[in-house]
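Participant: Could you work out the structure for the sequence below:
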Amino acid sequence: MDIRETLLELTNSGTIRYSYMAVEKLIIVMMKDYLKSQNKRLFAENESVRGISDMILPDGIDSDESCIAAEIKMYRHKQMSLRVIYDTIGRFSINRGDINKLLLIVVNELPDGIRNRIKEKKKQLNFELIIWDIDDLVRIFSYNESLFVDTYNNLNTVLLRDTINNGISRNNSTYLEKRKKYVEQLHAQYENDNIVLFLGAGASNEAKIATWDTLISELFVALIDKQLSANHIQIEKKDKKKIVKEVINQNGNSPLLQTRFLRNGFENDFEELVRDILYKSAVDTSDLLEEIGQLCIPNRGKLGVRAIINYNFDDLVEKNLKRLRVKYHSIYGEGMIPDTDEIGIYHVHGFLPQEKENYENLTKSLLVFSEEGYHKLMIEPYNWANISQLNYMINNTCLFIGLSMTDPNMRRLLEIAAQKRTENDGECQHYAIMRRFKIKDSEEVESIKSFERVNESLQESFFKELGVNVLWIDEFSEIPILLKQIKGNYDSY
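Facilitator: Predicted coordinates:
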C-alpha cells in the first residue's frame, strides 16, 4: 500500500468531517506506536485534560525530550492553507499555558512558498513552532506499515470502538463542560454578527401552538365530520378519536402521506381550517420566544442575529419581535428580500400567520404540508427555500433550536454546505440544543448509566459528521438561560 497516496485519497474522500476524524485517528494510532518504541508517551482525546491541542507529547519525540503539544490540520482548498495555519498558531499562543513547543501536523503537501512565509512568521512567536507535512507522516508511518494497513482497513470499526470507549469513560459532567465551551464560542460568533437561528416545533411548543400530531389528528376529525355529515351520519366524539387513530395506523404513521388527501378533502377551506387548529390554544409569547426576541435585539453597533430560518407555520416569532420593536421581514416566497436594517424570518416550510390581512401574497405559501411539497424541496436544488438555508449554512454559524435534526432535507443541505465551505475545513461550525436521552428510574443502575453515556457520545459523533456540535440540556426550561448566556449574560445560572 502506498502510504502517501492513501493519505491524500483519505483527505479527499467522503465528508470533510469523516475524513478529518479518520486521518486524525490514523495519526494518533501511528504516533502512539512510534513513541512507544522510544519509551515515550502520547496523550490524546479524552486523555488530555488540557484541551489546548489534539495531542500532548509529554516526553517529546526522537531526540527532543521537551513537552510538545501537537495539532493536526488538513484542508481541501489550498487557498485556505495559510489561514488554517495562522489561526492554529494564534489560538495556541493564547491558550498554551506552560507548553513552549507546538508540533503542527499539516496533512497536505506544503509548497515552498508557504513554508517560507511560515518561517518569517516563526520569528514573531513566543514559542517554538515545528511544522510537519505529509512527507513527515509517511516517514513515521513507514516504521510500522503493517499497523498502518490494518488500522486503515478497519477505520470505521476503530472509530466506533473509540467512541464507545470514550462514552464509557466520560464523566457525568462532560456534557456541562462542553456546553460551557460551546456557549462561549456562540457568544463570540454573536459578537461577530455571525449567528443564524434555525427554529423547529420546539420553539413554539411552550406557547401552545398545535403540534404536528395534533394538527393532523384534528384535521382527520374535521374531514370525517364533513363527509359523514353530508351523508346524515353522526358519530360520537369518542368513536371519532378511535377512527382517527386507525386511519393514521393504516397510512403507516406517515404524516406527509396523510396530508396528501387531507388537503384534497377540504379543497378551498384547507388553509383556514389549519389556521384555526394551529392557533386554537396558542398564546402570543413564552420564556423561550422572549429570549429569542432578546437575542435579536442588537447590541450597540452590532447586528445581533443575522437571520432566522423558521420551519414552523406560525407567526409567534414575528409577534414577539414586533412587541420588542425589532424590525423584521417575513420571507415565504420567491423574490422576497429583507432590507439591511431588518431581520429576515424565512418560513421555508410555509407560513400561516394568525392575522393574514397583515401579509401579502400568502396564496400557496404552505410549501411542505404534503408529501409532494416535501419531495419538491428534495429534488429542486434551486428552490428559494433550499438556497436560503444553504447560503446561511455555508457562510454563518447556525444555532438549531427545537429541532430533532432528523429531517432528511436539512441533513442533506448540511452535507452540501460542508463541501462548499472554503475555510476551517473539518471544524464544526454549527450548534444544536438538544435534550439528553435518559431512561426513567435508572439513576442507580450502573449498566444503564453506562449505556446512556455511550449513547450520548455516539450521538455527538453522528452530529459531528454533519458539522454540528451538541449542547445537551436536561430540561427544555434551560434553553432560555442558554440564550441569555449567548447574548452575554453569563450570570444567568
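Participant: C-terminal to the helix or strand where Leu458 lies, what's the next element?
Facilitator: Taking DSSP states H and E as the criterion, Leu458 maps to helix 446-465. Beyond helix 446-465 in the direction of the C-terminus, DSSP H and E gives the next helix or strand as strand 468-473.
Participant: Other residues contacting that next one?
Facilitator: 175, 178-179, 182-183, 185, 400, 405, 414, 428, 430-436, 456, 459-460, 463, 479, 482 (Cβ atoms under 8 Å, 6 or more residues apart in numbering). C-beta: built from backbone N, CA, C; applies to glycine.
Participant: same deal with stretch 340-349?
Facilitator: Residues outside stretch 340-349 that contact it (Cβ under 8 Å, 6+ apart) are 296, 304-313, 317-318, 321, 326-332, 337-338, 365-369, 385-386, 388-389.
Participant: which stretches of the stretch 351-493 of the chain have low pLDDT?
Facilitator: 363-378, 422-426, 442-443, 490-493 (pLDDT under 70).
Participant: on that earlier part again, export the helix holding Leu458 as PDB, just CAs?
Facilitator: Taking Å, rounded to 0.1, in the frame of the first residue of the first chain, the C-alpha atoms of helix 446-465 are listed here in PDB:
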ATOM      1  CA  GLU A 446     -24.800   1.400  36.500                       C
ATOM      2  CA  SER A 447     -25.100  -0.600  33.300                       C
ATOM      3  CA  ILE A 448     -28.000   1.700  32.100                       C
ATOM      4  CA  LYS A 449     -26.000   4.800  33.100                       C
ATOM      5  CA  SER A 450     -23.100   3.400  31.000                       C
ATOM      6  CA  PHE A 451     -25.500   2.900  28.100                       C
ATOM      7  CA  GLU A 452     -26.700   6.500  28.400                       C
ATOM      8  CA  ARG A 453     -23.100   7.800  28.400                       C
ATOM      9  CA  VAL A 454     -22.200   5.700  25.300                       C
ATOM     10  CA  ASN A 455     -25.300   6.800  23.500                       C
ATOM     11  CA  GLU A 456     -24.600  10.400  24.200                       C
ATOM     12  CA  SER A 457     -21.000  10.000  22.900                       C
ATOM     13  CA  LEU A 458     -22.300   8.300  19.800                       C
ATOM     14  CA  GLN A 459     -24.900  11.000  19.100                       C
ATOM     15  CA  GLU A 460     -22.200  13.700  19.400                       C
ATOM     16  CA  SER A 461     -20.100  11.700  16.900                       C
ATOM     17  CA  PHE A 462     -23.000  11.400  14.400                       C
ATOM     18  CA  PHE A 463     -23.800  15.100  14.600                       C
ATOM     19  CA  LYS A 464     -20.100  16.000  14.300                       C
ATOM     20  CA  GLU A 465     -20.200  14.400  10.800                       C
END
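Participant: isn't Ser66 right next to Asn100, touching?
Facilitator: Yes: between Ser66 and Asn100 there is a contact at 7.3 Å, judged by Cβ atoms under 8 Å.
Participant: Could you list the low-confidence segments of the stretch 201-350 of the chain?
Facilitator: 237, 240-241, 243-265, 267.
Participant: just the helices in it please.
Facilitator: 202-205, 212-230, 237-250, 255-266, 270-279, 287-296, 316-323 (DSSP state H, counting those that start in this stretch).
Participant: Serialize those to TSV and add fields for distance to Ser93.
Facilitator: What follows is these, written out as TSV (distance: least, Cβ to Cβ, whole Å):
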stretch	distance to Ser93
helix 202-205	39
helix 212-230	49
helix 237-250	59
helix 255-266	52
helix 270-279	53
helix 287-296	31
helix 316-323	41
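Participant: Now mean neighbour count and distance to Tyr359 too, for those, in CSV please.
Facilitator: Formatted as CSV, the helices of the stretch 201-350 of the chain follow (neighbours: other Cβ atoms under 10 Å; distance: least, Cβ to Cβ, whole Å):
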stretch, mean neighbour count, distance to Tyr359
helix 202-205, 22, 18
helix 212-230, 16, 20
helix 237-250, 12, 31
helix 255-266, 17, 21
helix 270-279, 18, 12
helix 287-296, 21, 19
helix 316-323, 21, 9
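Participant: Which one, of the ones you listed, ends up nearest to Glu380?
Facilitator: Across the helices of the stretch 201-350 of the chain, Glu380 has its closest neighbour in helix 255-266 (16.4 Å, Cβ to Cβ).
Participant: what are the phi and psi angles of the most far-flung residue of the chain relative to its centre?
Facilitator: The outermost residue of the chain relative to its centre, with distances by Cα atoms, centre = their mean, is His232 at 52.3 Å. Backbone torsions of His232, given as degrees, to the nearest 10, read phi 60, psi 40.
Participant: thinking again about what came up before, now the angle from the helix holding Leu458 to strand 468-473?
Facilitator: Relative orientation of helix 446-465 and strand 468-473, computed by axes from the mean of the first three to the mean of the last three Cα atoms, to 10 degrees: 140 degrees.
Participant: what helices or strands is helix 446-465 leaning on?
Facilitator: helix 16-36, helix 155-169, strand 468-473 (3 or more Cβ pairs under 8 Å, 6 or more residues apart in numbering; DSSP states H and E).
Participant: Which of these comes out lowest on mean pLDDT?
Facilitator: When the helices and strands packed on helix 446-465 are compared on mean pLDDT, helix 155-169 scores lowest, with a mean of 84.
Participant: angle of that one against helix 446-465?
Facilitator: 130 degrees.
Participant: Quick check: next helix or strand after helix 155-169?
Facilitator: Next along from helix 155-169, by DSSP H and E: helix 174-191.
Participant: tell me how far the helix or strand following that following helix is from the chain's mean position?
Facilitator: Counting by DSSP H and E, the next helix or strand C-terminal to helix 174-191 is strand 195-199. Centroid separation for strand 195-199 versus its chain: 11 Å, with Cα atoms, centre = their mean, to the nearest Å.
Participant: before we move on, back to that, just the buried members of the contacts of stretch 340-349?
Facilitator: Buried members of the contacts of stretch 340-349, scored by 16 or more other Cβ atoms under 10 Å, are 296, 304-313, 317-318, 321, 326, 328-332, 338, 365-369, 385-386, 388-389.
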